[in-house]
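K.L.:
Below is the structure, and that's it, no one-letter string:
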């Protein structure tokens with residue numbers, strides 16, 4: 001078995017995606033260990049989930065990087081990278097991280113995110129969480145899903161690793177759409193991390209090639 005990779009997880013909320021990763025590590029599906037969990041909110045429940053498992057935590061509060069309602073993501077990313085660049089991190093996983101993260105050169109091709117729609121649809125600045133599912137509902141599409149992608153320094157524009165679909169009914173509520181998409185996220189994100197840990201993901205421009 002490959003040596004477990006070290007993960008850094010960035011989150012802003014409950015940490016349900018983090019918990020899913022923990023469970024997949026426990027099951028032996030992913031050969032990894034969570035080295036640190038960093039939150040943009042000091043009261044995020046995801047921090048408590050990490051602490052219960054003895055994982056180190058850190059907080060870089062997003063509210064400290066707003067001026068007249070305008071965020072300074074460069075400054076916030078610099079503060080985050082000051083923490084992460086000092087550690088031996090193999091992969092950064094964004095798990096409900098509600099801030100824009102500027103990826104430094106060292107972590108290029110080593111930052112993942114899961115988006116609750118099929119990129120390039122329903123994505124970009126301001127498209128997250130319920131906003132995505134509300135747009136899906138309003139548009140009347142029949143299929144939605146999730147996309148795991150590498151993160152670059154543009155909103156939802158990084159190379160796509162895995163996509164999974166789910167059927168959408170006209171009678172589905174926004175919450176029901178969200179639940180169906182989340183079911184797919186719980187499968188896709190661990191699979192992408194597993195492929196990364198096995199060294200099977202290869203970037204060819206903006207295309208991710210998956211080797212056997």
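P.N.:
Nice, thanks for sending it over. As the structure is a computational prediction, the values presented were derived from the model and not from experiment. Numbers count the residues shown, from 1 in each chain.

K.L.:
what ranges do the helices span in this protein?
P.N.:
Applying DSSP state H to the chain gives helices spanning 16-26, 45-52, 73-84, 130-139, 174-197.

K.L.:
confidence score at the closest residue to residue 53 other than its chain neighbours?
P.N.:
Taking C-beta to C-beta, 6 or more residues apart in numbering, and ignoring the residues beside it in sequence, residue 53 has residue 22 as its nearest neighbour in space, at 6.3 Å. (C-beta placed from N, C-alpha, C; glycine too.) According to the model's per-residue confidence, residue 22 sits at a pLDDT of 98.

K.L.:
So, low pLDDT: which residues of the protein?
P.N.:
Judged by pLDDT under 70, the chain has its weakly predicted residues at 1-2.

K.L.:
chain center to stretch 175-191, what's the gap?
P.N.:
On the basis of C-alpha atoms, centre = their mean, to the nearest Å, the separation between the geometric centre of stretch 175-191 and that of its chain is 12 Å.

K.L.:
That should have said stretch 96-105, apologies.
P.N.:
Distance, stretch centre to chain centre, for stretch 96-105: 10 Å (C-alpha atoms, centre = their mean).

K.L.:
who touches the closest residue to residue 45 other than its chain neighbours in this structure?
P.N.:
Using C-beta to C-beta, 6+ apart and skipping the chain neighbours, the partner closest in space to residue 45 is residue 14 (4.6 Å). Residue 14 makes contact with 44-46, 96 under the criterion C-beta atoms under 8 Å, 6 or more residues apart in numbering.

K.L.:
Next, residue 14: phi, psi?
P.N.:
Backbone geometry at residue 14, expressed as degrees, to the nearest 10, gives phi -70, psi -20.

K.L.:
again, but for residue 108
P.N.:
phi -60, psi 130.

K.L.:
and it, what is it in contact with?
P.N.:
The neighbourhood of residue 108, defined by C-beta under 8 Å, 6+ apart, consists of residue 152.

K.L.:
hang on, the earlier thing: show me the two of the contacts of residue 14 that sit farthest apart.
P.N.:
In terms of C-beta to C-beta, the contacts of residue 14 reach their longest pairwise distance at 45 and 96, which sit 10.7 Å apart.

K.L.:
Comparing those two, which shows the higher neighbour count?
P.N.:
For residue 45 versus residue 96, the count of surrounding residues by other C-beta atoms under 10 Å is larger for residue 96: 23 against 16.

K.L.:
Quick check on that one: phi, psi?
P.N.:
Backbone torsions of residue 96, given as degrees, to the nearest 10, read phi 70, psi 40.

K.L.:
That one reaches residue 21, doesn't it?
P.N.:
No: with contacts counted by C-beta atoms under 8 Å, residue 96 stays clear of residue 21, the gap being 11.8 Å.

K.L.:
Against residue 122, how distant is residue 98?
P.N.:
For residue 98, the distance to residue 122 equals 17 Å [C-beta to C-beta, to the nearest Å].

K.L.:
who's more crowded, those two?
P.N.:
Remark: of residue 98 and residue 122, residue 122 carries more neighbours, 21 against 15, as counted by other C-beta under 10 Å.

K.L.:
How about the contacts made by the more buried one?
P.N.:
Residues in contact with residue 122, defined by C-beta under 8 Å, 6+ apart, are 132, 135-136, 139, 144.

K.L.:
okay if I get these as CSV plus distance to residue 181?
P.N.:
Rendered in CSV, the data for the contacts of residue 122 read as follows (distance: C-beta to C-beta, whole Å):
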residue, distance to residue 181
132, 8
135, 12
136, 8
139, 14
144, 6
